[in-house]
Structure formats: C-alpha cells, structure tokens
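> quick one, what's the 3D model for this:
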Amino acid sequence: MIARIPELRRGPMPRRATADVQAARELLATALRRWLEHVGWSQSQLAAALGVGPKTVSDWCRGATAIPAARIGQLVALGFAPPEGA
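A predicted model of the protein is given here:
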C-alpha cells in the first residue's frame, strides 16, 4: 500500500521559516561579496561570466533575491565556496 502524502499547506510561510530563509540568503550574500573582493572581480565581471545581468548579481550581493541552485553550481565551478548553512 502506498502512503498518502499530505497536501502542502498553501499560503504564506510561517514567520520563523521566512526568517531562516532570509538569514541564509544574507549569509550567502556576505560570502559572495567577500569572495568577489578576494578574487578581485567586480559584480559586472561576475555577471558577464555567468551570463546574467549586473542587477541580478547586485541583488544577490545585497541578499535581495535568492541565488538559484544552478547559479550556485556555476559559482562553485568558478571557485566560490558557499558557507555551511546557506
């Protein structure tokens, strides 16, 4: 017999989950800014290397938007090491 999977709750995330997501996003943003400084790249150079717009990288560096998993993979290929817990 196959167990039923409960339906996902729709609606806004609980505040605690939202806070955890934001904290992880900020941790990743800080690590990205430090890495860019360490390798001597500008946000525009990173944007060109990834094939995204400079505003996208700026948003990531400010923690305004999450970095998609596929882009994190590209960053790792360039030498970025995401912090644990991000």
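> and the lengthiest helix in the chain, what does it pack against?
Criterion DSSP state H: the longest helix present in the chain is helix 15-39. In this structure, helix 15-39 packs against helix 54-62, with contacts taken as 3 or more CB pairs under 8 Å, 6 or more residues apart in numbering; DSSP states H and E. In this view, the C-beta of every residue, glycine as well, is placed from N, C-alpha and C.
> which other residues reach the helix it packs on?
28-29, 32-33, 36, 43-44, 46-47, 50, 64-67, 71 (CB atoms under 8 Å, 6 or more residues apart in numbering).
> low-confidence ranges in this structure?
By pLDDT under 70, the low-scoring segments of the chain are 1-17, 85-86.
> at 80 what do you get?
Residues of the chain meeting the criterion pLDDT under 80: 1-17, 84-86.
> so what's the spatially most central residue of the chain closest to, chain neighbours aside?
Residue closest to the average C-alpha location in the chain (CA atoms, centre = their mean): Ile67, at 2.8 Å. Distance criterion CB to CB, 6 or more residues apart in numbering; nearest residue to Ile67, sequence neighbours excluded, is Trp60 at 5.0 Å.
> for the one you found, grab the count of nearby residues.
26 (other CB atoms under 10 Å).
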